[in-house]
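Asks: fold the following and give me the result.
(chains A and B)
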Protein chains: 2
Amino acid sequence: MATKKKKSSTRSPRAPRMVYYFGSTKVDGRAEQRSLLGGKGANLADMTSIGLPVPPGMTITTDTCATYYDLGGKMPSELMGQVSKAIKTLEKETGKKFGDGSNPLLLSVRSGAAVSMPGMMDTVLNLGLNDDSVEAMAEAAGERFAFDAYRRLINMFGDVVMDVDHHFFEDAFEGLKKKLKVKEDTDVDAAGLRQLCELYKSVYRKHVGKPFPQDPMGQLESAVEAVFKSWNGDKALSYRRIEGISGLNGTAVNVQTMVFGNTGDDSGTGVAFTRDPSNGKNEFYGEFLINAQGEDVVAGLRTPEPVKNMAKWDAKAHKELLKIRTKLEKHYRDVQDIEFTIERGKLYMLQTRSGKRTGAAAVKIAVDMVKERLISKEEGVMRVTPDHVTQMLLPSFPSGAKKGHSSATKGLPASPGAAVGALAFTADEAVERAQKGEKVLLVRKETSPEDVDGMHMADGILTSTGGMTSHAAVVARGWGKCCVAGAGDVQIDAAKGKVTVNGKTYGRKDVFSIDGNTGEVFTSVLTPEQPKGITGDFKKLLDWSDSYRRLGVRTNADTPADSKRARDFGAEGIGLTRTEHMFFEGDRIMSMRKMILAESEADRRKALKELLPHQRKDFTGIFTAMKGLPVTVRLLDPPLHEFLPHEPAAMKAVAKEMGVTPAKLKARVESLHEMNPMLGHRGCRLSITYPEILEMQVQAIVEAAIACAKKKVKAKPEIMIPLVGTKKELSMLRERAENVIAATKKAKKFSGKLNILIGTMIEIPRAALTADEVAECADFFSFGTNDLTQMAFGYSRDDIGTFLPDYLEQGVLPVDPFASLDTTGVGQLIETACSKGRATRGDLKLGICGEHGGDAPSIFFCHAVGLDYVSCSPFRVPVARLAAGQAAIAEKQG
Amino acid sequence: MATKKKKSSTRSPRAPRMVYYFGSTKVDGRAEQRSLLGGKGANLADMTSIGLPVPPGMTITTDTCATYYDLGGKMPSELMGQVSKAIKTLEKETGKKFGDGSNPLLLSVRSGAAVSMPGMMDTVLNLGLNDDSVEAMAEAAGERFAFDAYRRLINMFGDVVMDVDHHFFEDAFEGLKKKLKVKEDTDVDAAGLRQLCELYKSVYRKHVGKPFPQDPMGQLESAVEAVFKSWNGDKALSYRRIEGISGLNGTAVNVQTMVFGNTGDDSGTGVAFTRDPSNGKNEFYGEFLINAQGEDVVAGLRTPEPVKNMAKWDAKAHKELLKIRTKLEKHYRDVQDIEFTIERGKLYMLQTRSGKRTGAAAVKIAVDMVKERLISKEEGVMRVTPDHVTQMLLPSFPSGAKKGHSSATKGLPASPGAAVGALAFTADEAVERAQKGEKVLLVRKETSPEDVDGMHMADGILTSTGGMTSHAAVVARGWGKCCVAGAGDVQIDAAKGKVTVNGKTYGRKDVFSIDGNTGEVFTSVLTPEQPKGITGDFKKLLDWSDSYRRLGVRTNADTPADSKRARDFGAEGIGLTRTEHMFFEGDRIMSMRKMILAESEADRRKALKELLPHQRKDFTGIFTAMKGLPVTVRLLDPPLHEFLPHEPAAMKAVAKEMGVTPAKLKARVESLHEMNPMLGHRGCRLSITYPEILEMQVQAIVEAAIACAKKKVKAKPEIMIPLVGTKKELSMLRERAENVIAATKKAKKFSGKLNILIGTMIEIPRAALTADEVAECADFFSFGTNDLTQMAFGYSRDDIGTFLPDYLEQGVLPVDPFASLDTTGVGQLIETACSKGRATRGDLKLGICGEHGGDAPSIFFCHAVGLDYVSCSPFRVPVARLAAGQAAIAEKQG
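Replies: Model (predicted):
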């Protein structure tokens, strides 16, 4: 590592500015220079600019990091010169001297890229201390304080800069405490810490091979180079690969004057939000600790006090903080999450950033800030994320629910929501117990494709390994089911049906609560808050969004109840009614099976006749519920074998019920068996070989529309022919459907206008590629992006679980293409189909009914390619309304 | 129907020429006017032009037919006027008079579109006869002759023009024969035929509702209109739909002077080929009958004599015919199939057309004609079809083999070749008997997807129903297996294991022979001729083709033996070596299974180590066989479950063999089970999750190449990574492969150049769409059009049998897209990938290794889009060589 001072022999022709100063003397950087100064650096400059009390310092640019790599890993020759100059200014401002024996200037060094990036180098604090200056500091601020600072420097410098394993320092400390017969770190006195510094220096020398550097500039140069190196460290590289972050220069380095909250009872430190991040109330929210460093707040050894109590301790500092709160919100026009330190009565701002918030808070803050004229309505709509909306529609544990409970451990917030249930240890167990009505959490080390049934039946999923792209996480998010993943402290013994968390053991009868928004795991029963529906601020915000959006929002619904729910959520029609679900209820399945077993067209027609009244009734119900809004009905899509039993016992029972021999049923099941049912005899292919199925369905639609008309309900059915791959399929079936429409109107003596559109799903790549031809006989296209994704990628959605986690983990795919549309590949097919289709027919109606219709980035894409509407599950309708509005606003903003 | 003379009230503004005359006076039409005059009409005009003795007549244009439909089904007002004018000319030329009582001009009426089209109207002969003229004709040519002609007219006119069912006439004839106590039609004397005419007229009057028309111009107008109507008859429409024929105006109508070969012993008729169509020898080949009509030759009641005997009967006519033979070949520069009639010593040519020929004949004729300087080499290459080449490579029954055998019946020549076998009545039976070494023919009413195993094991397939697009036909052609379909005279009683043909019954022990080139079914044992390989004229022709082609031709081969065979057929490399087949032999499958069951990477590597030497040996063998030609090796492609047993008994046995519990094996089989294996965990997805598989395979390839180099064989391996859908997959795996190549060279201390290309199959639509990105890390693309077709259409090749026959039958698909590339849809993906890929990398090597690589129309497409090579099964290599040459020649000719 960087122990030797490498003097670069390579000189750049002219010296660009590598160091940007921020302080009371001058501020070189600006808020907009994130790419050059990194997020943290730009922010420090900005805060300083608006007059906030920020400890002065400098930022070394990201370009400098790039130059470091261009030089083959050498420090640019001009850099340290520029740094020295900035330090001179610092010394002038602070009245301290870097490396001085009497009044030492101490510095911190932090990395900071343009994008927040875990895996980069940790902070090094207290740079500038050495055997001399520590004594001076001891004199000025006390021995304990000074040697505590010094031992921290040696440890951090050794660990972070020089790669000395942290545990060597730990061991030394433990040894000392044993010798001193004390338990806690804080029990070690000044003399002990002085001794510890000596021990640490030996550890350092032993593992680095040379003594701890006494030259402060040398310390600094090594630390800066270590930050540069960490930019291309394994962890950072893999983070950027997984997150698909590219196009960045390098990292910036922030070198800042140290301030201390632990120099006595007139010092302290705290964190706060300018508004309450859990409910959005316009109240200053946070906590502070007297005589403490920031890490003490995080460590949780002492209990901090709420910020509202700060006035009692230091009224001046409190007043200043409240002023800063207002100033920050005015400046950043958003809720801020701040860190501050008070050193001997003087307030310093260490950080400000946009505050993370819950869905409810996001909505309230956005609406409030619009009311307060802090932001425009458009900005208000942009401030709420689709995830916030999802949270608003899911059960959650608000802070009230958590009162009196403390989380036993924390995992990754893999899928939002809140779940409470007794522990189940296998998928089968989860299924069995859930079917008996018990609420269960499926608790697994990790999940695999065999577990999906159990995952589906469980109220929530908790895993002890795996990340945000693990099987459990991916599947749960797909379903909108609460999941906490990778909770490493949860030790599972599935064979024994036991879980151990923090030394306590729990079994099948114990109930846990998990918070999918935070990753918290409670070993107690919390009461989740149920979603309130679309009211108040939430309604206001979605209405605003509606006023901007160009895309229509429809829903996928197969029943009157779902249709109603979706209308309540704001759906403007049904984009997909699947008719096959209608064939499973009650007697219907028996008629369906008769149809499938029929050996002649006449017998098939007889069985279909039994199904007709059911279908008619279903359609009448849906048309009525939608009150004149359009309803796209997809004709029968799945392969026929899905309606037959496959297990020997079930086959026997069904055969008996149907009055046929088991052998006959078995033969039919076998003849219908397919190697790849996804690519088999289904969709419009069924209607080509068995046109009587289409005829029955169209007849039922038309009869339902006529029945509605007689009750003064204007039904607007749109008949959608699925799985079309060639124009010919559609032209033949369209003609057939038109004939049935005409014949049914005639038979029902109905002379009114029905105006039934006939169109197709574009879900076969070939249909997209030949959309100019297909559009000749289509009134509308609806993109079936589930199947389109399956075929464009060659991924079976049912089977992708075996490799998707690997693909996400290794960055082969940036995201599950079934969750968020692959705009590069699948998107090309959609764009081709849109432009070719509209070239043939300018008024072609275009929509999407795959599950991507409820995914925000996909909705942005749908907006961009000019679709007329998106259709999604009822539950995603509010998300779609928001995303569609945001897409329109974003477009306007360019 | 057209009994009433419809006088159209609509007049076109000017009268276009509707009638084109041909005769000694003048010839209006030209050979090039096929689209206006139809094929037959253009040909009659052409023959007349070059001075052949063609009975004069006229052709009514296809435009006239179009006008008929434009007028809503009315005869254009000017038409019959123009016809009358032409008849005047005819009368002048022949010295006869249409409708005259003393020397009647008789006419034939035939349809004739630009493309030969079954389903159009049949011929009507002897138009112009009526109760008067028949007496005049009786006087001139004999009573029997005249009334025979008249009864034929009434029958044909009633049946063909007026839609009177033929059997009414048949019944009348049978009744008369009974009354006259004779058996054969020919036994009825003149008086009887006179009586028959009266009976036929009553039948006509009864069913048409008015008497048989006596006005010849009326007869003619009705016949012409009937031809027009037949253009849009159901049969013609469905033929055009199925064959995908569009863009035609309508049909032409040919009205021609009748000549009679049955007016006495100085008359006769015959058919001939200018060269022998079975072997191509330059010998006049055909037969004739004295005192007979053309239909008598076809009916086969009398045995015709070979044309060489004609000189003995009528030396003059024979000499003239030989002259015509030479003239025709000179004029048409191809073998002609002619019909001629001699009426009272005068020779008339009735038809000439390009003669159908066997593969062997086609090759010989093409090469001979080039030698004779009748045609150029390029033309010679264009004269042989891919089907001809296929025939040359399949067993066949040449005319010699059929000597002494007569075919019992004829079906459709559904798939070429020759097969001889004992009858098997079910697929299971065929499998069972074939496995015991018996040669069987599978004889079924029709086949279905369940029969494929039996079809595969049988030597040939014979069905009694179904057309050229039936399941049996489609599947057999796909495999290159001999099939005769729709042999309606074959009555099958599968339950009893009996077949009845022409009243004779056969059973399981009987052996049939079927000719897939002709559709003939023999109930006896014929000896097929085995293909001779590429020698003599065949070799010469393919060499010529090679000299023109731009496309390279490679082969798909997995073994040294196949590689050798393909090289003998002219393959210039291997475009696809599938490595999975290599894992099934002997011990290998056990190692493979160990690998699959392994629970850790280390165990997997151990099992893979066992496979390494086998793979190395395989590759060494193939590289050696290919002697320096490039060999594309595809890394492991199928899902792992294909290597495990699935039946309980097999699982038990394998588990025992492997020393694992059956439960463990079962669990692994279940965990690997996929709903849609086509779209599952296979191809490069395996290498992403189990990189060690790729590593072993690449190591084996490199070690084999090094081993070859040491034996002075220059191996040229090309590593092909299958099923890539994203650039990232390829870039990761390419890097991994490159590392293995480097490591292996180092380990083997090999410092030479290996120059191993690394590329991918383009078989996922997304890869084609993003080919610009994928090409960044590919040295070559090879289009895997099987999978590309599966995914572009959403068709599982394993399951398409359930609906493909319907799709072909109803014209939804023009052709099986797995047999011949869908250039509209799948072709778009290929074009996109080619242009995007080459835009990224100009020297990107492009090939195709799907089965389309051996299909001629697909090869034309590959040529057009600029691929570098096609790769196909060894057996198709000669076809590909020919088609690639033809594609280049066709392009040159524009």
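
Asks: list the residues that contact the most centrally placed residue in chain A.
Replies: By CA atoms, centre = their mean, chain A has its centre lying nearest to A:D387, at 7.1 Å. Neighbouring residues of A:D387 by CB atoms under 8 Å, 6 or more residues apart in numbering or on different chains: A:G359, A:P416. In short, each C-beta sits where N, CA and C put it, glycine included.

Asks: and the pLDDT for it?
Replies: Model confidence at A:D387, given as pLDDT, is 88.

Asks: equivalent analysis for A:S9, please.
Replies: Listed pLDDT for A:S9 reads 44.

Asks: ok, A:N755 next?
Replies: In this model, A:N755 is scored at 89, pLDDT.

Asks: setting aside sequence neighbours, what's the nearest residue to it?
Replies: A:K716 (7.4 Å; CB to CB, 6 or more residues apart in numbering or on different chains).

Asks: returning to what we had before: quick one, phi/psi of the residue nearest to the centre of chain A?
Replies: Dihedral angles of A:D387 (phi, psi; degrees, to the nearest 10) stand at phi -60, psi -40.

Asks: measure it to A:L882 for me?
Replies: 10 Å (CB to CB, to the nearest Å).

Asks: how many residues are close by A:H331?
Replies: Close neighbours of A:H331, defined as other CB atoms under 10 Å in any protein chain shown, add up to 17.

Asks: ditto for A:V208
Replies: Neighbour count for A:V208, taken as other CB under 10 Å: 18.

Asks: so it sits against A:V164, correct?
Replies: Yes. Using CB atoms under 8 Å, A:V208 is in contact with A:V164, at 6.4 Å.

Asks: shared neighbours of those two, anything?
Replies: Shared contacts of A:V208 and A:V164, defined by CB under 8 Å, 6+ apart, are found at A:G158.

Asks: which residue is the nearest non-sequential neighbour of A:V134?
Replies: A:Y150 is the one closest to A:V134 (CB to CB, 6+ apart), at 4.4 Å.

Asks: and for A:M18?
Replies: Taking CB to CB, 6+ apart, and ignoring the residues beside it in sequence, A:M18 has A:T64 as its nearest neighbour in space, at 4.4 Å.

Asks: now do the same for the one you found: its pLDDT.
Replies: Per-residue confidence at A:T64 stands at 96 (pLDDT).

Asks: so which helix or strand of chain A has the lowest pLDDT on average?
Replies: Least confident element among the helices and strands of chain A, by mean pLDDT, DSSP states H and E: helix A:294-299 (a mean of 67).

Asks: which SSE is immediately downstream of that helix?
Replies: Downstream of helix A:294-299, the next assigned helix or strand under DSSP states H and E is strand A:305-306.

Asks: on contacts alone, who are the packing partners of whatever helix or strand comes next after that following strand?
Replies: Per DSSP H and E, strand A:305-306 leads on to helix A:310-313 as the next helix or strand towards the C-terminus. Under the contact criterion of 3 or more CB pairs under 8 Å, 6 or more residues apart in numbering or on different chains; DSSP states H and E, helix A:310-313 touches helix A:315-332.

Asks: ok, now with 6 Å
Replies: With contacts taken as 3 or more CB pairs under 6 Å, 6 or more residues apart in numbering or on different chains; DSSP states H and E, helix A:310-313 sits against no other helix or strand.

Asks: show me the helices in the stretch 751-894 of chain A, by range?
Replies: Per DSSP state H, counting those that start in this stretch, the stretch 751-894 of chain A carries helices over the ranges A:765-769, A:771-774, A:785-793, A:804-809, A:826-840, A:856-864, A:877-893.

Asks: mind listing what's buried in the longest one?
Replies: Right, the one you point to is helix A:877-893. For helix A:877-893, a neighbour-count test (16 or more other CB atoms under 10 Å in any protein chain shown) marks A:877-890 as buried.

Asks: got JSON lines for those residues, with distance to A:G411 too?
Replies: Below are the buried residues of helix A:877-893 laid out as JSON lines (distance: CB to CB, whole Å):
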{"residue": "A:V877", "distance to A:G411": "30"}
{"residue": "A:P878", "distance to A:G411": "28"}
{"residue": "A:V879", "distance to A:G411": "25"}
{"residue": "A:A880", "distance to A:G411": "30"}
{"residue": "A:R881", "distance to A:G411": "32"}
{"residue": "A:L882", "distance to A:G411": "28"}
{"residue": "A:A883", "distance to A:G411": "28"}
{"residue": "A:A884", "distance to A:G411": "33"}
{"residue": "A:G885", "distance to A:G411": "34"}
{"residue": "A:Q886", "distance to A:G411": "30"}
{"residue": "A:A887", "distance to A:G411": "33"}
{"residue": "A:A888", "distance to A:G411": "37"}
{"residue": "A:I889", "distance to A:G411": "35"}
{"residue": "A:A890", "distance to A:G411": "33"}
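
Asks: in CSV: those, plus pLDDT and distance to chain B.
Replies: Formatted as CSV, these follow (pLDDT from 0 to 100; distance: CB to the nearest CB, whole Å):
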residue, pLDDT, distance to chain B
A:V877, 96, 29
A:P878, 97, 31
A:V879, 96, 26
A:A880, 97, 25
A:R881, 98, 30
A:L882, 98, 29
A:A883, 98, 24
A:A884, 98, 26
A:G885, 98, 30
A:Q886, 98, 27
A:A887, 98, 23
A:A888, 98, 28
A:I889, 98, 30
A:A890, 97, 25
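
Asks: which single one of those residues is nearest to A:A311?
Replies: A:A311 has its nearest neighbour among these in A:L882, at 39.7 Å by CB to CB.

Asks: quick one: the closest one from A:G359, how far?
Replies: A:L882 is 11 Å from A:G359, by CB to CB.

Asks: then A:A317?
Replies: From A:A317 over to A:G359 the distance is 33 Å, taken as CB to CB.

Asks: with neighbour numbers in mind, choose between those two.
Replies: A:G359 (24 against 20).

Asks: surely that one is in contact with A:M392?
Replies: Yes. Counting by CB atoms under 6 Å, A:G359 does reach A:M392; the two are 4.5 Å apart.

Asks: which ones are touching the residue nearest to A:V109 when sequence neighbours are not counted?
Replies: Residue nearest to A:V109 in three dimensions, not counting chain neighbours: A:A223, with 4.3 Å by CB to CB, 6+ apart. Neighbouring residues of A:A223 by CB atoms under 6 Å, 6 or more residues apart in numbering or on different chains: A:V109, A:V124, A:V161.

Asks: for the stretch 51-200 of chain A, give me the ranges with low pLDDT.
Replies: By pLDDT under 70, the weakly predicted segments of the stretch 51-200 of chain A are A:118-119.

Asks: roughly how far does the residue nearest to A:V109 sit from A:G158?
Replies: Between A:A223 and A:G158 the distance is 12 Å, computed by CB to CB.

Asks: cool, A:S84 as well?
Replies: Per CB to CB, A:S84 is found 25 Å from A:G158.

Asks: the two: which is more packed in?
Replies: A direct count of neighbours by other CB under 10 Å for A:S84 and A:G158 places A:G158 higher, at 23 against 13.

Asks: surely the more buried one meets A:D165?
Replies: No. With contact defined as CB under 6 Å, A:G158 does not reach A:D165; the gap is 9.1 Å.

Asks: up against chain B, what does chain A have?
Replies: Selection of chain A residues close to chain B by CB under 6 Å from any CB of the partner chain yields A:674-676, A:678-681, A:685, A:688-689, A:725, A:728-729, A:764-766, A:769-770, A:791-796, A:798-799, A:802-803, A:806, A:812, A:824-825, A:828.

Asks: does the residue lying farthest from the centre of chain A belong to a helix, a strand or coil?
Replies: Residue farthest from the centre of chain A, counting by CA atoms, centre = their mean, is A:K749 at 55.4 Å. Recorded secondary structure, A:K749: coil (DSSP: H, G, I helix; E, B strand; the rest coil).

Asks: chain B versus that one, what's the distance?
Replies: 31 Å (CB to the nearest CB, to the nearest Å).

Asks: over to A:W231?
Replies: Applying CB to the nearest CB, the value for A:W231 to chain B is 21 Å.
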